[in-house]
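Undergrad: Here is a sequence with its predicted model. Questions after.
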Amino acid sequence: GKKSLRQKAVDELKHYYNGFHLLWTDTKVAARMVWRLLHGQVLTRRERRRLLRTCADLFRLVPFLVFVIVPFMEFLLPVFLKLFPEMLPSTFETESKKEEKQKKKLNAKLELAKFLRETITEMAKRNKADTG
């Protein structure tokens, strides 16, 4: 069924609330990691990636907040997201966007593997011709 305008607005507000809540949680965890770093502890690879993602999200938050604070500018958000797809912090991405991004990465990896396989096959043919 179709959702009413009010229900769509409520869903969007919940989405932004959850995004800010997740970002706040990530920021607290990242602050603890920085504290550990400053006291000489070493981060695991997973912790280091999370810290980098959180820092990147905080830097992405600045232009995003302009759209939230300036009145009626949120109507331009879809246009800017089309022009700059990585503008939103990762905590604000929907599941469909995450799946779409994963599919693009997988397709790129498959194309690269296909290219490498063809290259190796061609090199093997040349070597066989040279030695034969």
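TA: Great, that's in hand.
Undergrad: What mean pLDDT does the helix ranked longest in the chain get?
TA: In the chain, ranked by residue count with DSSP state H as the criterion, the top helix is helix 95-131. Taken as a whole, helix 95-131 carries a mean pLDDT of 89.
Undergrad: Find the centremost residue of this structure, please.
TA: Centroid-nearest residue in the chain, with C-alpha atoms, centre = their mean: S90, separated by 4.9 Å.
Undergrad: show me the contacts for that residue.
TA: By C-beta atoms under 8 Å, 6 or more residues apart in numbering, S90 lies in contact with R53, A56, D57. Glycine gets a C-beta too; all of them are placed from N, C-alpha and C.
Undergrad: before we move on, which element is the first one in?
TA: R53 is part of helix 45-69, with elements assigned from DSSP states H and E.
Undergrad: which outside residues touch the helix or strand just after that helix?
TA: Where DSSP H and E defines the elements, the next helix or strand beyond helix 45-69 is helix 77-83. Applying C-beta under 8 Å, 6+ apart, the contact partners of helix 77-83 are F67, M87, L88.
Undergrad: Neighbour-wise, give me the winner out of those residues.
TA: Within those, most neighbours by other C-beta atoms under 10 Å means L88, with 21 neighbours.
Undergrad: phi, psi of it?
TA: In terms of degrees, to the nearest 10, the main-chain angles of L88 are phi -70, psi 140.
Undergrad: ditto for P85
TA: phi -60, psi -20.
Undergrad: residues near it, how many?
TA: Per other C-beta under 10 Å, the neighbour tally for P85 reads 11.
Undergrad: Only the buried residues of the longest helix of the chain, if you could.
TA: For helix 95-131, burial by neighbour count (16 or more other C-beta atoms under 10 Å) applies to no residue.
Undergrad: where's D130 relative to T119, distance?
TA: To T119, D130 is 16 Å away according to C-beta to C-beta, to the nearest Å.
Undergrad: now L81
TA: Per C-beta to C-beta, L81 is found 37 Å from T119.
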